[in-house]
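Colleague: Model the following, please.
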Amino acid sequence: MQLANQLEVYDVGELTVVGFGGREVLDRLSLAECRNELMQLIRENRCQTLAFDLTGVRLIPSGMLGMLCAIRNEGVEVHLYNPSQDVREVLEITKLDSLLEMHEVEI
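Modeller: The predicted model follows:
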């Protein structure tokens, strides 16, 4: 399933998994639209954990980090799968690595 922002939904339910279609830089996302779509997915599927597949993503905009925290503040766990070293460094510098769970999985 693909949403308007080229956000791909891989699985829905209590654990909902979304990805970005292997794009390296997430600079063309409409964050407001993306957040609305994600919040709708969360409500409709009673999502408790939202997992982002970041495979292939090198850079994410700062607004995306804010959106991830806003989702977490709604009581939904946010997990990041396969973040690049660059993304990990940004998360460490901003101390968001203590709020967002990171995982490495082979695809």
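Colleague: remind me which residues of the protein are low pLDDT?
Modeller: Residues of the chain meeting the criterion pLDDT under 70: 1-6, 24-25, 27, 107.
Colleague: which residues touch the strand or helix carrying Ile42?
Modeller: Here Ile42, judged by DSSP states H and E, is contained in helix 31-45. Contact partners of helix 31-45, identified using Cβ atoms under 8 Å, 6 or more residues apart in numbering, comprise 3-5, 7, 9, 12-14, 16, 18, 47, 50, 61, 63-64, 67, 70-71, 74, 76. Every residue, glycine included, has its C-beta placed from N, CA and C.
Colleague: Buried subset of those residues as a ChimeraX selection?
Modeller: Of these, the buried ones go into a single ChimeraX selection, burial set by 16 or more other Cβ atoms under 10 Å:
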select :3,5,7,9,12,16,18,47,50,64,67,71,76
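Colleague: Among the contacts of helix 31-45, name the ones in helices.
Modeller: 63-64, 67, 70-71 (DSSP state H).
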